[in-house]
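> how would this look folded up:
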Amino acid sequence: MSIAFKRPASLARIAVVAIVAAVVAACGGVSQSTVLQTIGPETTPLRVGLGYIPSVQFAPFYLAQQAGYYKDAGLEVTFENGNDADIIRLAGSGDYDIGIADGTSLIPAVSQGIPVRYLATVYADFPSVVFAKPDSGITGPADLKGKKLGIPVKAGSSWIMLQALLDSVGLTPADLQVVEFPGYGQRVAVQEGVVDAATGFVNNEPLQLSRSGITPVVLTVDQVVPLPGPGLIAGQSAIDGPKREALRAFIAATLRAMEEIATDPMRGVVAAETAVPELASDREGQLAVLEATVEAWQSAYTAANGWGAIDPAAWTKSIEFMSAMPDSPVAKPVTADQIIDQELLP
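Numbering: from 1, shown residues only. Below you'll find the predicted structure:
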């Protein structure tokens, strides 16, 4: 684990600034702040938390790093991988400057007093879905009644999504048989008929089924409850601290890379292969994953309001739903204004 710390200005640099400032002042003209901007800012280190496993889904971060977008913004970026809970905790404590985490994980965290904010949307469409084989008889949420459904664990974003989907047709998890697959084997269970349906991610399990020759039925939650997907988060101390403008620059550079990959997904695949060489063994599969990921980055709201835009009304609906869930993970009342912060968007 490497942590880079901001280097103090050298005595030589201080001397240069003083000399140039004196010359400019003698010439009657420009402020010292302008002189500093002319000489150039120091590099600001950012420790960034990404998801648990390095993958093509993080292509925007890899591309922004390799194309020099972070460097051009004066940033020295270090990536570290971890799960949602750890990224949120480390962002809240200030150990991570910024990271990516699921919105449905952030709501409970803020309700428990962890000082984190959601700064930019990455997945505008919620990526967790329910999928089934075409001969399952499942075409909508109501068809899940009485069925056997696989899920990794009865917690987290998939569990919340499932309850929202069922609630839309007056059902609860008690109306079907939920089978847990802690080893994430629910896709194989669907394929082999062990379960009728399962939860997964739009850019993962359904694609794997398609590649095996089975075109799956996919049920999404976006039109039911617009649950907030993964996005860029930071702790309040980082947002209010001396790295505030560095966070703004990081967000802008990452969104730029997202937009470029949306136009040319293969560019993102190549960046991912450069960062994670083992991905090159299945370029066709990685391209399919990234294309599905790109679709999830975009929604009608982001199309109208720009890449990374945050929809406060959708967050409010999600908070209300999660707060009303049986065994709600929301410990104390919380509002969208306490979770989202749009001030650092480009």
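> which stretches of this structure have low pLDDT?
Judged against pLDDT under 70, the low-scoring parts of the chain cover residues 1-41.
> quick check: domain ranges of it?
44-124+228-338, 128-219 (automatic domain parsing).
> May I see those domains arranged in JSON lines, with mean neighbour count as well?
Every C-beta, even on glycine, is put in place using the N, C-alpha and C of the backbone. Shown next, in JSON lines, are the domains of the chain (neighbours: other Cβ atoms under 10 Å):
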{"stretch": "domain 44-124+228-338", "mean neighbour count": "19"}
{"stretch": "domain 128-219", "mean neighbour count": "18"}
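> Tabulate these in TSV, adding columns for distance to Leu344.
Rendered in TSV, the data for those read as follows (distance: least, Cβ to Cβ, whole Å):
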stretch	distance to Leu344
domain 44-124+228-338	5
domain 128-219	24
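> Quick check: which of these is nearest to Pro346?
Nearest to Pro346 among the domains of the chain is domain 44-124+228-338 (4.6 Å), distances taken as Cβ to Cβ.
> Show me how far that closest one is from its chain's centre.
Computed by Cα atoms, centre = their mean, to the nearest Å, the chain-centroid distance of domain 44-124+228-338 equals 3 Å.
> need the strands for the stretch 151-300 of the chain, in chain order.
177-180, 197-201, 217-219, 231-235 (DSSP state E, counting those that start in this stretch).
> Next, format those as JSON lines and append distance to Ser55.
Shown next, in JSON lines, are these (distance: least, Cβ to Cβ, whole Å):
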{"stretch": "strand 177-180", "distance to Ser55": "24"}
{"stretch": "strand 197-201", "distance to Ser55": "11"}
{"stretch": "strand 217-219", "distance to Ser55": "20"}
{"stretch": "strand 231-235", "distance to Ser55": "17"}
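> which stretch among these comes nearest Gln186?
Among the strands of the stretch 151-300 of the chain, strand 197-201 sits nearest to Gln186 (Cβ to Cβ), with 3.7 Å.
> The closest one pairs with which strands?
For strand 197-201, the paired strands and their directions (DSSP bridges) are strand 128-132 (antiparallel), strand 148-151 (parallel).
> Off-centre distance for stretch 320-339?
Using Cα atoms, centre = their mean, the offset of stretch 320-339 from its chain centre is 20 Å.
> Okay, now that stretch: how far is its last residue from its first?
One end of stretch 320-339 to the other measures 13 Å (Cα to Cα, to the nearest Å).
> Could I get the contacting residues of the spatially closest residue to Gly82 that is not a sequence neighbour?
Sequence neighbours aside, Gly49 is the residue nearest to Gly82 in space, at 5.6 Å (criterion: Cβ to Cβ, 6 or more residues apart in numbering). By Cβ atoms under 8 Å, 6 or more residues apart in numbering, Gly49 lies in contact with Glu80, Asn81, Gly82, Asp86, Ile87, Leu90, Ala91, Tyr96, Ile98, Gly99, Ile100, Ala101.
> okay, the host helix or strand of the fourth one in CSV with CA atoms only?
It refers to Asp86. Here Asp86 sits within helix 84-93, counting by DSSP states H and E. In CSV, the C-alpha atoms belonging to helix 84-93 read as follows (Å, rounded to 0.1, in the frame of the first residue of the first chain):
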residue,chain,number,x,y,z
ASP,A,84,-18.0,-0.6,-0.5
ALA,A,85,-17.9,-0.6,3.3
ASP,A,86,-14.2,-0.1,3.5
ILE,A,87,-14.1,2.6,0.8
ILE,A,88,-16.9,4.6,2.6
ARG,A,89,-15.2,4.1,6.0
LEU,A,90,-11.8,5.2,4.7
ALA,A,91,-13.2,8.2,2.9
GLY,A,92,-15.1,9.2,6.0
SER,A,93,-11.9,9.0,8.1
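> Contacts for that helix next, please.
Helix 84-93 has contacts (Cβ under 8 Å, 6+ apart) with 49-51, 82, 96-102, 105-106, 109, 114-116, 156, 233-236, 238.
> closest to Ala303 out of the strands paired with strand 197-201?
The nearest among those, by Cβ to Cβ, is strand 128-132 at 20.8 Å.
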